[in-house]
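Visitor: A predicted structure for the sequence below; I have some questions about it.
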Amino acid sequence: MPVPPGFDVDARLAALVDQLQETGALTDPQWREAFLKVPRHRFVPDPVWADDGVRGDGWMVPVGQDDPYWWENVYADFALPTQVDDGIPEGEDERGRYTTSSASQPSRVAAMLEALQVEDGMRVLEIGTATGCNAALLSARLGAENVTSIEIDPALAEQGRAALHAAGWDPCLVVGDGTAGVPECAPYDRVLATVAAKRVPYAWVEQTRPGGLVVTPWGNDYAATGLLRLDVGENGSAWGRIVGDAPFMWLRSQRSAKGPWSDHVDFEAPVRASRTTVEPALVAEAGGGAEFVVGAMVPGLARALFHAEDGSGEYTLWLYDTAGLWASVDYVPGAEKYAVEQAGPRDLWEETEAAYRWWQGRGRPGQGEFGVTLDRDGLRVWLGAAEETVAVLTEHR
Ligand SMILES: C[S@@+](CC[C@H](N)C(=O)[O-])C[C@H]1O[C@@H](n2cnc3c(N)ncnc32)[C@H](O)[C@@H]1O
């Protein structure tokens with residue numbers, strides 16, 4: 001599809017890059033130069049998916065290049081879903097339910113590339129090729145010969161390869177599961193995941209040379225995903241901190257269970273009833289450091305909060321995981337204690353409340369005060385320079 005008459009690609013690309021600079025996402029002149037060499041429309045496929053504004057039911061509809069929406073959004077600071085439901089849309093008329101690949105939001109791409117702190121000649125492994133746009137940016141900045149990128153979905157990998165080739169970039173492209181890295185081309189100076197990890201694969205550290213960096217979105221079903229930057233040391237371990245926000249889709253093997261919270265709650269299970277003095281929303285909506293601590297200390301936790309619609313101010317907090325654990329806490333305004341019900345082999349509310357109290361007891365530290373060490377034994381979350389261990393997540397092995 002040719003560029004529509006009157007649509008000035010160079011001007012639109014320059015305007016987008018200026019916008020990234022003005023908003024502070026893009027500060028490095030060398031990355032600015034790279035962005036100006038990568039016209040986004042050459043990578044975003046036809047169609048993209050967009051919310052079905054007509055039915056407004058949470059499904060997405062395909063929008064092709066013949067629609068001005070496609071062009072306007074390709075040169076705007078938006079992420080664009082480029083695949084739904086792993087390539088087979090679940091709804092009628094190609095309507096899709098879940099985004100399974102996307103062209104990432106340009107400002108996030110810029111922030112992540114800058115967080116990578118590359119220098120000329122460095123070798124980079126990207127996890128999640130998708131459209132190839134980010135691999136093109138890395139190629140424009142470092143030379144395609146220094147870029148390796150892996151994509152798990154063969155159809156997407158082919159799409160990305162074709163777009164990269166047509167635009168004149170030929171980095172090393174691999175089809176496969178990026179959680180194992182790409183050992184045959186290691187070591188790398190930098191590993192950049194453009195897909196989020198709940199368990200950061202140790203292979204990424206192992207394949208980075210000492211002194212190198214691993215940058216990846218990292219989170220869980222409870223806490224917001226942050227951009228984790230790890231310094232790789234001489235001894236096979238890496239340590240670092242969250243350096244920004246990074247809402248990304250999960251690695252394919254680490255996806256969250258589909259469906260609403262009620263699908264994961266066995267309402268017939270025997271419950272243990274108790275009471276708490278802790279206002280549940282104070283815990284569930286504390287955000288920042290509290291959310292980070294609860295998410296780290298209570299692995300697998302997810303939540304849903306429901307407000308009564310009768311104006312009473314009552315609400316229920318549901319905590320659950322996908323292995324049959326759940327807890328509910330009913331808030332009633334003015335009450336001194338709130339009713340708790342817990343089911344399954346562990347007490348999810350007790351664990352959540354304990355994690356919250358631990359955070360309070362440490363003076364309510366912000367997310368930036370926590371650090372992470374990843375080595376062969378797993379991932380350890382710690383607080384401050386004193387390295388007081390908050391949680392040890394050995395499933396990261
Ligand atoms: C947000 S998109 C990446 C955007 C991409 N870098 C770009 O420039 O368009 C995430 C991609 O990661 C891919 N992915 C998910 N799990 C993966 C895995 N284990 N290994 C490699 N790629 C994976 C998805 O198929 C998806 O295409």
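Guide: Cool, the structure landed. Residues are numbered from 1 along each chain as shown.

Visitor: alpha carbons only for contacts and neighbour counts from here, please
Guide: OK.

Visitor: Just the buried positions in stretch 303-310, please.
Guide: Buried residues in stretch 303-310, counted by 16 or more other Cα atoms under 10 Å: R303.

Visitor: ugh, wrong one, I meant stretch 11-25
Guide: With burial defined by 16+ other Cα under 10 Å, the residues of stretch 11-25 counted as buried are 12-14, 16-17, 19-21, 25.

Visitor: Any chance of a markdown table for the residues you listed, columns pLDDT and distance to the ligand?
Guide: As requested, the buried residues of stretch 11-25 are exported to a markdown table (pLDDT from 0 to 100; distance: Cα to the nearest ligand atom, whole Å):
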| residue | pLDDT | distance to the ligand |
| --- | --- | --- |
| R12 | 98 | 19 |
| L13 | 98 | 16 |
| A14 | 98 | 19 |
| L16 | 98 | 16 |
| V17 | 98 | 16 |
| Q19 | 98 | 19 |
| L20 | 98 | 16 |
| Q21 | 98 | 19 |
| A25 | 96 | 16 |
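
Visitor: Next, check the residues you listed against the helices and list the overlap.
Guide: 12-14, 16-17, 19-21 (DSSP state H).

Visitor: so how far is stretch 26-39 off the chain centroid?
Guide: Centre-to-centre, stretch 26-39 and its host chain are 23 Å apart (Cα atoms, centre = their mean, to the nearest Å).

Visitor: That stretch: end-to-end distance?
Guide: 16 Å (Cα to Cα, to the nearest Å).

Visitor: What of stretch 186-200?
Guide: Using Cα to Cα, one end of stretch 186-200 lies 18 Å from the other.

Visitor: and it, average pLDDT?
Guide: For stretch 186-200, the mean pLDDT works out to 98.

Visitor: again, but for stretch 75-84
Guide: Average pLDDT, stretch 75-84: 98.

Visitor: Dump it to CSV, keeping only the CA atoms.
Guide: Output of stretch 75-84 as CSV, limited to C-alpha atoms (Å, rounded to 0.1, in the frame of the first residue of the first chain):
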residue,chain,number,x,y,z
TYR,A,75,3.0,8.2,13.6
ALA,A,76,1.6,8.9,17.1
ASP,A,77,3.0,7.8,20.4
PHE,A,78,0.9,4.7,20.8
ALA,A,79,1.5,1.0,21.1
LEU,A,80,-0.4,-0.8,18.3
PRO,A,81,-1.7,-4.4,18.7
THR,A,82,-0.3,-6.2,15.6
GLN,A,83,-1.5,-9.7,16.5
VAL,A,84,-4.4,-11.0,18.5
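
Visitor: and the residue nearest the centre of the chain, what does it touch?
Guide: For the chain, the residue sitting closest to the mean C-alpha position, by Cα atoms, centre = their mean, is F248 at 2.7 Å. F248 makes contacts with 194-196, 217, 225, as judged by Cα atoms under 8 Å, 6 or more residues apart in numbering.

Visitor: ok, now how distant is it from P81?
Guide: Using Cα to Cα, F248 is found at 12 Å from P81.

Visitor: Most widely separated two among the contacts of F248?
Guide: Farthest pair in the contacts of F248 (Cα to Cα) is T194 and T225. Separation: 12.3 Å.

Visitor: what residues are shared contacts of these two?
Guide: Common neighbours of T194 and T225, counting by Cα under 8 Å, 6+ apart, are 217, 248.

Visitor: pLDDT wise, what is the nearest residue to A186 once chain neighbours are set aside at?
Guide: In this structure, A186 finds its nearest non-sequential neighbour in Q207, 5.3 Å apart by Cα to Cα, 6 or more residues apart in numbering. Listed pLDDT for Q207 reads 98.

Visitor: quick one, helices of the chain?
Guide: Counting by DSSP H, the helices of the chain are 9-22, 29-36, 68-74, 106-115, 133-142, 154-166, 202-206, 280-284, 288-297, 348-361.

Visitor: winner for burial among the ones you listed?
Guide: For those, average neighbour numbers computed from mean count of other Cα atoms under 10 Å are highest in helix 133-142, which has a mean of 25.

Visitor: Can you name every helix or strand that that one contacts?
Guide: helix 29-36, strand 147-151, helix 154-166 (3 or more Cα pairs under 8 Å, 6 or more residues apart in numbering; DSSP states H and E).

Visitor: Which one, of these, ends up nearest to L113?
Guide: Of the helices and strands packed on helix 133-142, nearest to L113 by Cα to Cα is helix 29-36, at 8.0 Å.

Visitor: If I take that closest one and helix 133-142, what angle do their directions form?
Guide: Orientation note: helix 29-36 sits at an angle of 130 degrees relative to helix 133-142 (axes from the mean of the first three to the mean of the last three Cα atoms, to 10 degrees).

Visitor: So which of the contacts of F248 are in strands?
Guide: P217 (DSSP state E).
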